[in-house]
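S.K.: can you look at this prediction? I've put the sequence above it.
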Amino acid sequence: MHIPDGYLSPTTSFTLYTVCTPFLMKASREAKKKLDSKTIPLISLFSALSFLIMMFNVPLPGGTTGHAVGTVISSIILGPWIGMLTTTVALIIQALFFGDGGILTLGANIFNMAIVMALAGYAIFRFLAGWKKETGWKIVSAAVAGYIAINLAALLAAVELGIQPIIFRSITGQPLYFPYGLTVSIPAMMLGHLTLAGLAEAFVTGLTLSWIYRTNPSLITPDKKVAKSGRFFPLAIVIIFLLILLTPLGLLTPGTAWGEWSRQQLSELGLGYIPAGFDRWTGLWSAPFSGYNFSVLGNSFLGYLFSGFLGVFIVVSVVYLLFKVFKLKNK
């Protein structure tokens with residue numbers, strides 16, 4: 001679901017950047033009003049969690065891959081605006097350093113995976129969770145919210161891609177950017193997300209909320225005194241470390257995510273041509289560790305593992321830098 005550069009026209013890309021701007025401005029204002037130095041570790045934790053979750057690919061029907069995102073659980077715990085920022089930070093770092101998603105298309109990826117998933121997932125969770133007070137029902141509600149939210153994001157990505165050959169064509173009639181229309185993009189994208197990728201997001205969301213209820217439910221019900229709350233952050237750090245160690249499992253899934261093909265992979269699809277607009281914009285940015293790989297290590301698994309460590313380090317550093325910029329004060 002990380003749309004690379006070259007698949008969306010500059011017009012589409014800049015439009016989605018424009019759409020994102022008021023949402024991110026609102027999220028920043030909410031962060032300034034609500035955050036203090038005690039919540040910065042939580043922001044770092046959920047940003048790092050989102051970054052790592054997106055490194056774990058799952059096999060999808062048709063020989064492609066997909067992944068969970070983690071936006072909904074961040075939004076449930078931190079609120080939709082701050083949850084939106086946690087995923088935005090992860091997406092920016094993925095694009096800039098690891099080439100996962102484009103720079104021109106970053107607005108589209110933020111809109112789909114951060115903004116829409118945060119607002120929709122949070123709203124669905126609040127609606128469903130209000131039916132019953134039982135913890136088990138709230139966990140189910142979170143899982144359902146995660147499932148629906150990631151499928152909404154996938155649908156938006158499919159539409160953004162699928163409208164390209166309708167609107168933008170060369171004088172000979174060839175698509176300039178993404179080559180497949182809505183009749184192909186929507187079924188292809190939704191098949192994988194309605195089946196496995198959606199279930200992965202539901203599992204991550206429900207499991208994480210269940211663990212939080214066990215270790216520190218005060219994050220969900222702030223007025224509740226919890227003796228176990230002191231265990232939360234030490235255990236969370238251990239879990240993040242274990243996830244980093246397990247990231248090379250993401251390489252075991254064969255295939256490429258649908259719509260995220262490289263130029264070589266696109267040429268192998270049998271189109272008979274490379275879209276001119278794609279050729280122009282696909283090399284816009286050369287990420288230093290593209291594909292979560294470090295060639296100097298001479299091993300893709302070690303490169304992926306090191307990328308996990310580096311990505312988490314950058315995420316935490318960026319969040320704390322934002323803390324300094326916002327000049328947050330201790331309460």
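M.R.: Cool, the structure landed.

S.K.: which SSE is G173 in?
M.R.: Counting by DSSP states H and E, no helix or strand carries G173.

S.K.: quick check: it vs I53, distance?
M.R.: The gap separating G173 from I53 is 41 Å, by Cβ to Cβ, to the nearest Å. Just so you know, the C-beta spots here come from the backbone N, C-alpha and C atoms, and that holds for glycine as well.

S.K.: likewise T12?
M.R.: Using Cβ to Cβ, T12 is found at 27 Å from I53.

S.K.: need the contact list for the closest residue in space to M54 that isn't next to it in sequence.
M.R.: Once flanking residues are discounted, M54 sits nearest to H67: 5.1 Å by Cβ to Cβ, 6 or more residues apart in numbering. Residues near H67 by Cβ atoms under 8 Å, 6 or more residues apart in numbering: 1, 53-58, 197, 200, 250, 257.

S.K.: mind checking which of those are buried?
M.R.: 1, 53-58, 197, 200, 250, 257 (16 or more other Cβ atoms under 10 Å).

S.K.: show me these that map onto helices.
M.R.: Residues of the buried ones among the contacts of H67 located in helices (DSSP state H): 53, 200.

S.K.: my guess is G62 contacts M189. True?
M.R.: No. G62 lies out of contact with M189 (Cβ atoms under 8 Å); the separation is 10.5 Å.

S.K.: ok, those two, which is more surrounded?
M.R.: M189 (28 against 11; other Cβ atoms under 10 Å).

S.K.: how near is G101 to A95?
M.R.: Counting by Cβ to Cβ - G101 and A95 are separated by 5 Å.

S.K.: find residues that contact each of these two.
M.R.: Joint contacts of G101 and A95 (Cβ under 8 Å, 6+ apart) are 2, 109.

S.K.: the closest residue to I115 other than its chain neighbours: what's it in contact with?
M.R.: Distances taken as Cβ to Cβ, 6+ apart place F23 nearest to I115, at 4.9 Å, with adjacent residues excluded. By Cβ under 8 Å, 6+ apart, the contact set of F23 is 84, 111, 115.

S.K.: again, but for R263
M.R.: Per Cβ under 8 Å, 6+ apart, neighbours of R263: 274, 278-279, 282.

S.K.: picking up where we left off before, overlap in contacts, G62 and M189.
M.R.: What both G62 and M189 touch, as defined by Cβ under 8 Å, 6+ apart, is the set W258.

S.K.: ok, and the most crowded of the contacts of R263?
M.R.: Busiest of the contacts of R263 [other Cβ under 10 Å] is F278, holding 22 neighbours.

S.K.: how far away is that one from S267?
M.R.: 11 Å.

S.K.: residues near P41, how many?
M.R.: Applying other Cβ under 10 Å, I find that P41 has 16 neighbouring residues.

S.K.: now do F168
M.R.: 19.

S.K.: could you do the one 5 residues further on as well?
M.R.: Taking other Cβ under 10 Å as the criterion, the count of residues near G173 is 7.

S.K.: cool, P4 as well?
M.R.: 26.

S.K.: three-state assignment of it?
M.R.: Here P4 is recorded as coil under DSSP: H, G, I helix; E, B strand; the rest coil.

S.K.: please name the nearest non-neighbouring residue to it.
M.R.: Spatial nearest neighbour of P4, excluding adjacent residues (Cβ to Cβ, 6+ apart): G102 at 4.7 Å.

S.K.: list the contacts of that neighbour.
M.R.: G102 neighbours (Cβ under 8 Å, 6+ apart): 3-7, 95, 109, 281, 284-285.

S.K.: where's I76 relative to V325, distance?
M.R.: 26 Å.

S.K.: which one of the two has more residues nearby?
M.R.: I76 (27 against 10).

S.K.: for S229, give me the pLDDT.
M.R.: Model confidence at S229, given as pLDDT, is 50.

S.K.: ok, now K329?
M.R.: 51.

S.K.: ditto for A154
M.R.: 97.

S.K.: that one: how many residues sit nearby?
M.R.: 25.

S.K.: quickly find the element holding it.
M.R.: helix 135-162.

S.K.: quick one: contacts of the helix or strand following that helix?
M.R.: Using DSSP H and E, the next helix or strand after helix 135-162 towards the C-terminus is helix 164-167. Applying Cβ under 8 Å, 6+ apart, the contact partners of helix 164-167 are 7-9, 12, 175-182.

S.K.: what angle do helix 135-162 and the helix or strand following helix 164-167 make with each other?
M.R.: Remark: after helix 164-167, the chain's next helix or strand is helix 182-192, criterion DSSP H and E. Here the directions of helix 182-192 and helix 135-162 differ by 150 degrees (axes from the mean of the first three to the mean of the last three Cα atoms, to 10 degrees).

S.K.: helix 182-192 packs against which elements?
M.R.: In terms of contacts (3 or more Cβ pairs under 8 Å, 6 or more residues apart in numbering; DSSP states H and E), helix 182-192 is packed against helix 135-162.
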